[in-house]
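> Following is a predicted model, sequence given first.
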Amino acid sequence: VTLGLARDGAPRTNFADTTRDVDEVLRQSDVVLSALPSTPATRGLLDGARLRACTKRPVLINVGRGDLVKEASVVEALDEGWISQ
């Protein structure tokens, strides 16, 4: 199932479901693909506290701006087993 994240939570083409809840997406995901721009709303969005919500140990792919997630948060998430290597 492809779950999308949207600020308004409205349905989007090519997604089985869409939500506004970042943590819910992280809890359900096998793969997290981020292509977000760098904005005040996205900077640090995937910090260590948020990555703890990854219960399925997803693969994290960030093709968007680097400031969405800090390197230290990725290292912590890998060390703690919250995301897959």
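Good, I have the coordinates.

> my guess is residue 61 is in a strand, correct?
Yes. Per DSSP: H, G, I helix; E, B strand; the rest coil, residue 61 lies within a strand segment.

> I'd say it and residue 29 touch.
No. Between residue 61 and residue 29 there is no contact under Cβ atoms under 8 Å: 10.8 Å. C-betas here are computed from N, CA, C, even on glycine.

> Looking at those two, which one has more neighbours?
More neighbours surround residue 29 than the other of residue 61 and residue 29, with 22 against 11 (other Cβ atoms under 10 Å).

> Walking through the protein, point out its helices one by one.
22-28, 48-51, 71-80 (DSSP state H).

> helices and strands around the first one, which ones?
Other elements packing on helix 22-28 under the criterion 3 or more Cβ pairs under 8 Å, 6 or more residues apart in numbering; DSSP states H and E are strand 3-5, helix 48-51.

> what would these look like in a markdown table with distance to residue 77, mean pLDDT and mean neighbour count?
As requested, those are exported to a markdown table (distance: least, Cβ to Cβ, whole Å; pLDDT from 0 to 100; neighbours: other Cβ atoms under 10 Å):
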| stretch | distance to residue 77 | mean pLDDT | mean neighbour count |
| --- | --- | --- | --- |
| strand 3-5 | 18 | 85 | 17 |
| helix 48-51 | 4 | 92 | 16 |
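
> what about residue 28, neighbour count?
18.

> returning to what we had before: residue 14: which of the helices and strands packed on helix 22-28 is closest?
Residue 14 sits nearest to strand 3-5 of all those, at 8.0 Å, using Cβ to Cβ.
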